[in-house]
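Asker: Next comes the sequence, and after it the predicted model I'd like to discuss.
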Amino acid sequence: MTETEVRDAYGRRAAEYVDLFGAVDKNPQQDKELVAVWAKSARGPIIDAGCGPGHWAAFLHDQGMEVEGLDLVPSFIEHARRQFPDVRFRVASFADLGSPDGEFGGILSWYSLIHIPPDELDAVLDEFGRCITRGGALLLGFFDGPDGEAFPHAVTTAYYWSTDGMATRLARAGFEVLRTQRRTDYGRRPHAAIIARRI
């Protein structure tokens, strides 16, 4: 699955995605609480990497954080700029966030790495590690399951990770895992989240 394929797949369904998921209130309360608590630990500006329609970046902005949203899909960025004009958004790739070394105190990547093929994940986490300052905070949300196993996501192919498997990848990229969280919503895939610190 290439970046172009992922971008085009989401671009074709952008309006549908915005309707279904483009507001923080459409997420579980515990997710909002986790993101809010995590953000307070960030030492400086935050990137919302894979911001989609921009709702999490706007949520962080409303919490008083300096935040920038970036996404691969131009139509998401166009929507986010219209909907949340007080927040900065730009098109960027996970392979190159377009930021100086150590510029950010935190990176939120909420279900935005799920389409990264397993053999490309380390490079993305290395890029996150490059852009986040030492001691900075990372929060990942993803689908819990066998490491690197593909599944038919509604938009395009996605991959499961266990918390242990993702923690191993994060350690390679220079992160220390501080907290893991798992949950299973009735009738849905299991979810996981990891808070980590750049060391």
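Answerer: Right, received. Where do you want to start? For clarity, every value in this text was computed on a predicted model and none was experimentally measured. Residues are numbered from 1 along each chain as shown.

Asker: from here on, contacts and neighbour counts on C-alpha atoms
Answerer: OK.

Asker: Kindly export stretch 20-32 (C-alpha atoms) in PDB.
Answerer: Provided in PDB are the C-alpha atoms of stretch 20-32 (Å, rounded to 0.1, in the frame of the first residue of the first chain):
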ATOM      1  CA  LEU A  20     -18.800  10.000  10.300                       C
ATOM      2  CA  PHE A  21     -15.700  11.000  12.300                       C
ATOM      3  CA  GLY A  22     -15.000  14.700  11.800                       C
ATOM      4  CA  ALA A  23     -15.800  15.800  15.300                       C
ATOM      5  CA  VAL A  24     -14.300  15.000  18.700                       C
ATOM      6  CA  ASP A  25     -17.700  14.400  20.200                       C
ATOM      7  CA  LYS A  26     -18.000  11.400  17.900                       C
ATOM      8  CA  ASN A  27     -15.200   9.700  19.800                       C
ATOM      9  CA  PRO A  28     -15.400   7.900  23.200                       C
ATOM     10  CA  GLN A  29     -15.100  10.100  26.300                       C
ATOM     11  CA  GLN A  30     -12.100   8.100  27.500                       C
ATOM     12  CA  ASP A  31     -10.300   9.000  24.200                       C
ATOM     13  CA  LYS A  32     -10.900  12.700  24.800                       C
END
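
Asker: can you give me the mean pLDDT across it?
Answerer: Stretch 20-32 shows an average pLDDT of 86 in the prediction.

Asker: counting contacts, what elements does the particular helix or strand that has Glu33 in it pack onto?
Answerer: Per DSSP states H and E: Glu33 is located in helix 29-39. Contact here means 3 or more Cα pairs under 8 Å, 6 or more residues apart in numbering; DSSP states H and E; on that basis helix 29-39 packs against strand 132-143.

Asker: Show me what the following helix or strand past the strand it packs on is packed against.
Answerer: Following strand 132-143 in sequence order, the next helix or strand is strand 150-151 (DSSP H and E). Here strand 150-151 touches strand 158-159, going by 3+ Cα pairs under 8 Å, 6+ apart.

Asker: how about the strands in the protein?
Answerer: Here the chain has its strands, by DSSP state E, at 46-49, 67-71, 88-91, 104-110, 132-143, 150-151, 158-159, 175-183, 191-198.

Asker: Output those in JSON lines; the columns should cover mean pLDDT and distance to Asp126.
Answerer: Shown next, in JSON lines, are the strands of the chain (pLDDT from 0 to 100; distance: least, Cα to Cα, whole Å):
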{"stretch": "strand 46-49", "mean pLDDT": "98", "distance to Asp126": "14"}
{"stretch": "strand 67-71", "mean pLDDT": "97", "distance to Asp126": "17"}
{"stretch": "strand 88-91", "mean pLDDT": "98", "distance to Asp126": "19"}
{"stretch": "strand 104-110", "mean pLDDT": "97", "distance to Asp126": "13"}
{"stretch": "strand 132-143", "mean pLDDT": "97", "distance to Asp126": "10"}
{"stretch": "strand 150-151", "mean pLDDT": "96", "distance to Asp126": "22"}
{"stretch": "strand 158-159", "mean pLDDT": "96", "distance to Asp126": "19"}
{"stretch": "strand 175-183", "mean pLDDT": "95", "distance to Asp126": "10"}
{"stretch": "strand 191-198", "mean pLDDT": "97", "distance to Asp126": "11"}
